[in-house]
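# below: sequence and its predicted model.
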Amino acid sequence: MNALSSGTVAAAARPQRSVLDFLVAHGPELSLIVLCIGFALSTDTFLTFRNLLNVLDQLTVLGIMALGMTAVIVIGGIDLSVGSVLALSMMVMGSLANVFGVPMPLAIVAALVVGAVCGAVSGLLVTRANLPAFIGTLAMMSIARGLANMVTDGSQIVGYPDWFSAMSINRHFGFLSITVALFIVLTVLAALYMKYRTGGRALYAIGGSAEVARLAGIPVKRVTLLVYTVCGLLAGLAGVVMSTRLDSSQPSGGLGYELDTIAAVVIGGASLSGGVGTIWGTLMGVLTIGVLRNGLNLVGVSPFVQQIIIGVVIVLAVAVDANKRRIR
């Protein structure tokens, strides 16, 4: 009788457990759907074609940086410097093009190189100087922001060629700008690499246990250095994209973006302890932040209140991650 009762209880609990597992596993997607439904009911303009295009345009910069941050967090690291590296890269590009007369394509390449170098320095601080990632990238954040202001003594640079600004303005096929297309292509490539390539799977091994990964033959320090370098490169690319949107370079550009970038990755289901995270999840996180900011603007919520709401969302996302095992 006791055995029969126990079996009945277990059978009844099984569907509840399956539903709970589903909710935890698909939290980012479900959260995004709930937000979209809520804002669609709150304002008539949210689901308009024009507004949805605005959401895509607005999240491109954040999305590009979040791709690099995903890899960093998957290996168990963190990069607080991406916003400052974005600013330094765009200032170097603007200075070379508008002050020194360097052709714009070469100035763009220089911006990407600057971003990659900053990322590489952060990686060296972590792998060679043995600094905690938090401290190493915090130092780079301060250095890069200072250099961004020194390039033009704190002044912005305005006025770029029409073709450059057109990359984020002109819509091909009626909806797709070059910068959005670039983000989509990078997202697909990053997702394929993380899931199917040996190098991508090595990132998860390092995040799970760096020592075990090293014993398995994975060059942990070299891969870590490469991951930070790519993260810096993508921050530099994000700086170029931001300049196309603003038609200017500003030393204050990207201020606070490092927090939004980390938030997008965490909201997407990545674990700050490493070893967990996907590009698809990050895309959901980026869309969630983009939709949340856009919807709150449409319903007239103060930017200061928006910061509080974003902070609460981050807390909830990290709390869910910290309690996943207990929930399951």
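Great, that's in hand.

# check contacts around the closest residue to Val305 other than its chain neighbours.
Nearest-residue entry for Val305: Leu296, 7.7 Å, with adjacent residues in sequence omitted and distances by CB to CB, 6 or more residues apart in numbering. The way it works is simple: take the backbone N, C-alpha and C, and place the C-beta from them, glycine included. Contacts for Leu296 were tallied using CB atoms under 8 Å, 6 or more residues apart in numbering; they are Val305, Gln306, Ile309.

# and Leu296, how far is that from Gln307?
Applying CB to CB, to the nearest Å, the value for Leu296 to Gln307 is 10 Å.

# hang on, the earlier thing: give the next helix or strand downstream of the helix or strand hosting the residue nearest to Val305.
Taking DSSP states H and E as the definition, one finds Leu296 inside helix 279-298. Next helix or strand after helix 279-298 toward the C-terminus (DSSP H and E): helix 303-322.

# just want the angle from that following helix to helix 279-298.
Helix 303-322 and helix 279-298 meet at an angle of 150 degrees, taking axes from the mean of the first three to the mean of the last three CA atoms, to 10 degrees as the criterion.

# quick one: low-confidence ranges for the stretch 1-150 of the chain?
Along the stretch 1-150 of the chain, segments meeting pLDDT under 70 span 1-17, 19-27.

# swap in the stretch 151-300 of the chain?
By pLDDT under 70, the stretch 151-300 of the chain contains no weakly predicted segment.

# buried sites along the helix or strand hosting Ser122?
Assigned by DSSP H and E, Ser122 belongs to helix 104-127. Residues 107-112, 114-127 are the ones in helix 104-127 that count as buried (16 or more other CB atoms under 10 Å).

# of the contacts of Leu296, closest to Asn98?
Gln306 (33.2 Å; CB to CB).

# ok, that closest one touching Arg293?
Yes - counting by CB atoms under 8 Å, Gln306 does reach Arg293; the two are 6.4 Å apart.

# give me the more crowded residue out of these two.
With neighbours defined as other CB atoms under 10 Å, Gln306 and Arg293 compare such that Arg293 has more, 20 against 15.
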